[in-house]
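Colleague: here's a sequence, model it:
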Amino acid sequence: MELTQTAYKDLILGPEEGMAYGGTFVPEVLLPSLHEITDAFEEIKNDECFVAEFHHALCTFSGRPTAFTPLPRLSAMLGGAQVFLKNEGLNHTGAHKITHCIGQILLAKKLGKRRIIAETGAGQHGYATAAVCARMGLDCTVYMGRKDYERQRPNVYWMELLGAKVAAVDDGDQTLNDAVIAAFKDWVAHPESYYLLGSAVGPRPYPAMNTFFQKVVGEEIRRQCQAATGRLPDYLVACVGGGSNALGMFFDFLDDEGVTLVGVEAGGRGSAPGEHAAKMRQGKLGVFEGYHSYFLQDDDGNIAPTHSVSAGLDYCGISPILAFLADEGRVRFETASDEAALTAVKTLARTEGIIPALESAHAFAHAFELAAQLPKDCIVVVNASGRGEKDLFITMRHFQEESLRDYARHLLAF
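Modeller: Predicted coordinates for the structure are as follows:
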């Protein structure tokens with residue numbers, strides 16, 4: 001399909017008839033709920049009162065707008081482009097996820113829903129869902145793969161402290177994919193509940209709805225970059241698991257041909273199946289979890305295992321919107337390995353005093369390589385989608401393993 005630049009936005013937030021991706025592939029019992037959500041979304045996205053309520057909550061509860069931070073020491077060290085970060089980790093609960101949680105929970109309340117279902121990988125979406133549910137007085141159940149439940153225990157604790165029920169999923173590989181499946185099963189059993197999907201994936205209208213709420217990120221970057229530098233950036237770089245933070249960053253720039261959009265997937269620890277989560281590099285088109293897009297699959301079409309040091313990127317599929325934009329050539333995709341992401345965490349911490357989430361560190365790992373090759377008058381903006389406290393036990397295991405063991409021993413003794 002050939003599109004002019006200005007056609008992208010209307011197509012993505014419109015009825016999707018022109019897209020070869022997405023769709024609604026779900027059990028029949030869920031269709032009434034999805035039609036109800038779709039109709040409500042079509043109504044609220046043009047409702048000035050709803051949009052004003054959404055932005056008021058972002059300001060008073062989440063803390064938007066988030067900072068647009070120059071990285072002068074890092075830029076000087078790299079010797080190339082000027083590097084900036086959009087610090088989404090400054091949001092309440094520590095990541096960009098709270099933005100779409102506020103939007104969807106306001107919509108759920110408009111529909112009269114009292115129970116929210118969610119899935120989470122790194123825990124940031126679950127943490128944000130639990131916080132907003134507590135704020136608005138709603139019941140909250142969050143599904144989390146057992147592997148992620150164990151490696152992201154700080155976020156499990158925060159969710160439970162906020163009153164959410166966190167259900168560890170022992171099926172499959174016990175990661176994000178399995179949490180999504182468990183959440184869908186709950187929704188099938190309880191269609192009166194509202195399923196708050198955590199990324200721009202799933203059946204219609206979730207990809208467009210997630211993008212609609214997250215696009216505030218790119219809108220802020222446009223204003224902040226022009227105020228700081230007098231012009232738009234040359235490159236925008238974001239990590240990609242399902243695609244929520246990337247689409248939030250990219251959406252407002254889809255019509256700006258001079259801005260290159262780069263998504264960075266989890267290269268993991270190798271190129272063999274089960275060693276990475278690079279859907280656009282090695283995935284195949286298929287239908288899974290309610291939508292048509294690229295998924296990591298084996299030769300028989302079964303969903304393949306994934307791996308990433310970051311739980312939030314450890315997912316088998318990618319947003320149908322990003323799949324479309326990649327095939328149209330509007331977004332290009334790169335990968336960063338576990339090792340490169342861990343190195344990026346330490347580099348950013350020691351040059352600029354900022355500790356990013358491991359998901360965001362994938363974007364930084366590629367951006368460091370990119371910026372070093374560009375002229376000094378180029379501007380590269382990286383979406384720091386979350387902060388790194390949640391990864392304490394993962395990064396300590398790599399950087400200070402003996403200190404982690406001492407801490408565990410003292411904790412048990414206490």
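Colleague: poorly predicted segments of the chain, please.
Modeller: Low-confidence segments of the chain, defined by pLDDT under 70: 1-19, 411-412, 414.
Colleague: what about 50?
Modeller: For the chain, the stretches with pLDDT under 50 are 1-5.
Colleague: ok, which stretches of the stretch 201-350 of the chain are strands?
Modeller: 235-239, 260-268, 284-288, 291-295, 331-337 (DSSP state E, counting those that start in this stretch).
Colleague: how about those strands, which one is nearest N210?
Modeller: The closest of the strands of the stretch 201-350 of the chain to N210 is strand 291-295. By Cβ to Cβ, the value is 12.0 Å. For the C-beta atoms, the positions are set from N, CA and C on the backbone; glycine is no exception.
Colleague: what's the closest one packed up against?
Modeller: If you count contacts as 3 or more Cβ pairs under 8 Å, 6 or more residues apart in numbering; DSSP states H and E, strand 291-295 packs onto helix 279-282, strand 284-288, helix 320-327.
Colleague: of all the strands of the stretch 201-350 of the chain, which lies closest to K390?
Modeller: K390 sits nearest to strand 235-239 of all the strands of the stretch 201-350 of the chain, at 14.5 Å, using Cβ to Cβ.
Colleague: now the angle from that closest one to strand 260-268?
Modeller: Interaxial angle, strand 235-239 versus strand 260-268 (axes from the mean of the first three to the mean of the last three Cα atoms, to 10 degrees): 30 degrees.
Colleague: between strand 331-337 and strand 235-239, find me the angle.
Modeller: Counting by the same axes, to 10 degrees, strand 235-239 lies at 50 degrees to strand 331-337.
Colleague: residues making contact with strand 235-239?
Modeller: With Cβ atoms under 8 Å, 6 or more residues apart in numbering as the test, strand 235-239 has contacts from 81, 218, 221, 245-246, 249-250, 253, 259-266, 310, 313, 359-363, 366-367, 370, 374, 378-383, 385.
Colleague: how far away is I318 from A246?
Modeller: Separation of I318 from A246 (Cβ to Cβ, to the nearest Å): 9 Å.
Colleague: quick check: neighbours shared by these two?
Modeller: V240.
Colleague: who has more neighbours, these two?
Modeller: A246 (35 against 30; other Cβ atoms under 10 Å).
Colleague: L162 versus the nearest residue to the more buried one once chain neighbours are set aside, what's the distance?
Modeller: Here the nearest residue to A246 in space, its sequence neighbours aside, is A238; by Cβ to Cβ, 6 or more residues apart in numbering that works out to 3.9 Å. The gap separating A238 from L162 is 27 Å, by Cβ to Cβ.
Colleague: F368 too?
Modeller: To L162, F368 is 35 Å away according to Cβ to Cβ.
Colleague: ok, the two, which is more surrounded?
Modeller: Between F368 and L162, F368 has the larger neighbour count (other Cβ under 10 Å), namely 23 against 20.
Colleague: got the phi/psi numbers for the more buried one?
Modeller: With angles defined as degrees, to the nearest 10, F368 sits at phi -60, psi -50.
Colleague: which strands and helices sit next to the helix or strand S33 falls within?
Modeller: Taking DSSP states H and E as the criterion, S33 maps to helix 31-44. Judged by 3+ Cβ pairs under 8 Å, 6+ apart, the packing partners of helix 31-44 are helix 97-110, helix 206-214.
Colleague: which parts of it are buried?
Modeller: S33, L34, I37, T38, A40, F41, E42, I44 (16 or more other Cβ atoms under 10 Å).
Colleague: now the angle from that helix to helix 206-214?
Modeller: Going by the same axes, to 10 degrees, helix 31-44 makes 30 degrees with helix 206-214.
Colleague: which other residues reach helix 31-44?
Modeller: Around helix 31-44, the neighbours that count as contacts under Cβ under 8 Å, 6+ apart are 24, 26, 50-51, 107, 110-111, 187, 191, 194-195, 203-205, 208-209, 212.
Colleague: who's in contact with the next helix-or-strand element following that helix?
Modeller: Once helix 31-44 ends, the next helix or strand along the chain (criterion: DSSP H and E) is helix 48-57. By Cβ under 8 Å, 6+ apart, the list of residues contacting helix 48-57 from outside reads I44, K45, R64, I102, G103, L106, K110, F213, V216.
Colleague: nearest to R332, of those?
Modeller: V216 (23.7 Å).
Colleague: for T260, see how far away the closest residue to Y206 other than its chain neighbours is.
Modeller: Leaving aside its sequence neighbours, Y206 sits nearest to L197 (Cβ to Cβ, 6+ apart; 4.7 Å). Distance of L197 to T260, given as Cβ to Cβ: 28 Å.
Colleague: and these two? which has more neighbours close in?
Modeller: L197 (26 against 18).
Colleague: tell me the phi and psi of the more buried one?
Modeller: Per degrees, to the nearest 10, the backbone of L197 is at phi -70, psi 140.
Colleague: show me where the stretch 1-150 of the chain has its helices.
Modeller: For the stretch 1-150 of the chain, the helices defined by DSSP state H, counting those that start in this stretch cover 7-13, 31-44, 48-57, 72-78, 97-110, 124-136, 146-151.
Colleague: just the helices in the stretch 301-414 of the chain please.
Modeller: Using DSSP H, counting those that start in this stretch, helices in the stretch 301-414 of the chain cover 320-327, 338-352, 358-372, 392-399, 401-413.
Colleague: can you redo those as JSON lines with distance to V132?
Modeller: Conversion of the helices of the stretch 301-414 of the chain to JSON lines gives the following (distance: least, Cβ to Cβ, whole Å):
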{"stretch": "helix 320-327", "distance to V132": "24"}
{"stretch": "helix 338-352", "distance to V132": "28"}
{"stretch": "helix 358-372", "distance to V132": "20"}
{"stretch": "helix 392-399", "distance to V132": "24"}
{"stretch": "helix 401-413", "distance to V132": "31"}
